[in-house]
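Novice: Generate a structure from the sequence data that follows.
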Amino acid sequence: MLNPAQITLLQEELKTAKNPLFLYDSDADGLCSFLLLYRMHMEGKGVRVTDSSKIDEQLVRKVQEIQPDKIFILDIPVLSQEFVDAVKVPLFWIDHHQPQELKNVHYFNPRIKNPDAYVPTTRMAYQVSQGSSQDEQDLWIAAAGCLADWHMPDFIDHFIEKYPELLPAKDSLTATLYKHPVGKLVKLFFFLQKGPSPEVRKSIQVLSKIKSPFEIFHQETSAGKFLYKRFEKVDARYEEILAQAKKSITKSKIVLFTYNSSQWSFTANIANELSALYPKKVIIIAREKSGSMKCSIRAQFPIAGALEKALVGIEGHGGGHPNACGAVIKEEDWLRFLEHFKEELKHDSG
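Specialist: I've put the predicted structure just below:
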C-alpha cells in the first residue's frame, strides 16, 4: 500500500498536470488503475501497452507526439532506462511486480520494502483517488480491478453494502468471481479491451464517463447500451473457446489447451477460470502468434519457480506471480519447454 506522503505527492502531481499521459497494462488491473486516476480530473490521454508489458524506447515516438508534461505508468512490470532518459519529463511509476532499479523515476512499489507484498495497482490508484469527488462513484471500478488481479479488496464490505445486486454477501475469492454477478463486471474490464483497436479505443472513451455499473448492465443510457452490446459480443466468443478448453480436462495434473485466434486473446481469462474450477491442476492455455506460443499458466499452488527453471536453455521468456505466470516461447522450442516444465513440476511436488 502507499503511505500518506506518497498519496499526497501523487494527488498533487495529478492535480497540477496540464497534459498527463497514462501508460497502462492492457488487463483489467491496468485499465481500472488508469480510469481511477484519469477520472479525478478528466485531463490527459491514456495509452494501453498491449504487446509486451514493457515500456522501452519504442514508445518514445508516441510520447513525442503527445508531448505530455508528466507521465504516469501503471501496472507495467518492466521499464527501460533508455525510455526514461529519452522522454525527459517527470515519471511516476506505480506497479506491484518484481522491483526494478532505475534512475530519475518516482517509483511506487510495495514489494521494494516487502518482497512478499501483493497489492494490485488498482488498490494503490484507489488510495490516490479516495478523497476526490469521484471516490464513492468509482468504488465499483476499484473493486473490479482488485478482484480481476485475484485480490480480495479490504473495502469489500463497503462494496457489498453499495452493490448487493452484484455481491450479496462475503464469499471466497473464487466464488466471488465465478458464482456471483460481480464476476461479470470483472470480465467487462477485460473484454472491452478485445477486438479491433478503434472499437477498443471508443469503448474505453465511453467507459471513462460511465457513472454506475448498472448504467451498463441495466442498459440505462445509450452509452451503457453500446458497452453492453460490445461485451455480449466478446463474451459469446469467450464462452465458445472456454467450452472447447474444458474438453481438454483429463486425469493428468497438467491441462494443456492451445487455440488459434487472429482477433482476440483469452488465454489469461480461460486459465483463471479453469484454475478456479480445477484447483488441483496446472492450467496452460496457449495461443500461437507470429512464430511464438503465448501462454498463461495458472495453479492454486506455486509454479513460478518451476517455470523459471524450465526456461533455462529455451528460446523464450516468462514469469509473473507465484501462482499466475505468463510466457512466450518460440514454436520450435515449445515441445521441449513443455517437457522441461512437466519435469520441474514433478520435482517441486516430489
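
Novice: Any chance of the backbone angles for Ser197?
Specialist: phi -60, psi -40 (degrees, to the nearest 10).

Novice: residues near it, how many?
Specialist: 9 (other CB atoms under 10 Å). C-beta: built from backbone N, CA, C; applies to glycine.

Novice: again, but for the one 10 residues further on
Specialist: Applying other CB under 10 Å, we find 21 other residues in the vicinity of Leu207.

Novice: was I right about it contacting Leu35?
Specialist: Yes: contact criterion CB atoms under 8 Å: Leu207 and Leu35 qualify, at 6.9 Å.

Novice: Downstream of the longest helix belonging to the chain, the next helix or strand is which one?
Specialist: Longest helix in the chain, counting residues (DSSP state H): helix 222-246. Using DSSP states H and E, the next helix or strand after helix 222-246 towards the C-terminus is strand 254-259.

Novice: can you give me how far that next one is from the chain middle?
Specialist: Taking CA atoms, centre = their mean, to the nearest Å, one finds the center of strand 254-259 at 21 Å from the center of the full chain.

Novice: can you pull the buried residues of it?
Specialist: Within strand 254-259, the residues scored as buried using 16 or more other CB atoms under 10 Å are Ile254, Val255, Leu256, Phe257, Tyr259.

Novice: What separation do you get for the fourth one and Ala175?
Specialist: Going back to what we said before, that points to Phe257. Using CB to CB, to the nearest Å, we find Phe257 at a distance of 24 Å from Ala175.

Novice: Low-confidence bits of this structure, can you list those?
Specialist: Under the criterion pLDDT under 70, the flagged ranges of the chain are 51-52, 133-134, 261-263, 349-350.

Novice: can you list the buried residues of strand 254-259 in CSV and add distance to Ala28?
Specialist: What follows is the buried residues of strand 254-259, written out as CSV (distance: CB to CB, whole Å):
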residue, distance to Ala28
Ile254, 26
Val255, 23
Leu256, 25
Phe257, 21
Tyr259, 21
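
Novice: with those residues in mind, which one is nearest to Glu332?
Specialist: Closest approach between the buried residues of strand 254-259 and Glu332, by CB to CB: Leu256, at 17.7 Å.

Novice: what separates the closest one from Asp27, distance-wise?
Specialist: From Leu256 to Asp27 the distance is 22 Å (CB to CB).

Novice: Please apply the same query to Arg61.
Specialist: 24 Å.

Novice: As CSV, could you dump the C-alpha coordinates of the host helix or strand of Glu65?
Specialist: Assigned by DSSP H and E, Glu65 belongs to helix 60-66. Only the C-alpha atoms of helix 60-66 are listed here, as CSV (Å, rounded to 0.1, in the frame of the first residue of the first chain):
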residue,chain,number,x,y,z
VAL,A,60,9.4,7.4,-27.2
ARG,A,61,7.9,8.5,-30.5
LYS,A,62,4.4,8.2,-29.1
VAL,A,63,5.4,10.4,-26.2
GLN,A,64,6.9,12.9,-28.6
GLU,A,65,3.6,13.0,-30.5
ILE,A,66,1.5,13.7,-27.3
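
Novice: No further queries at this time; thank you.
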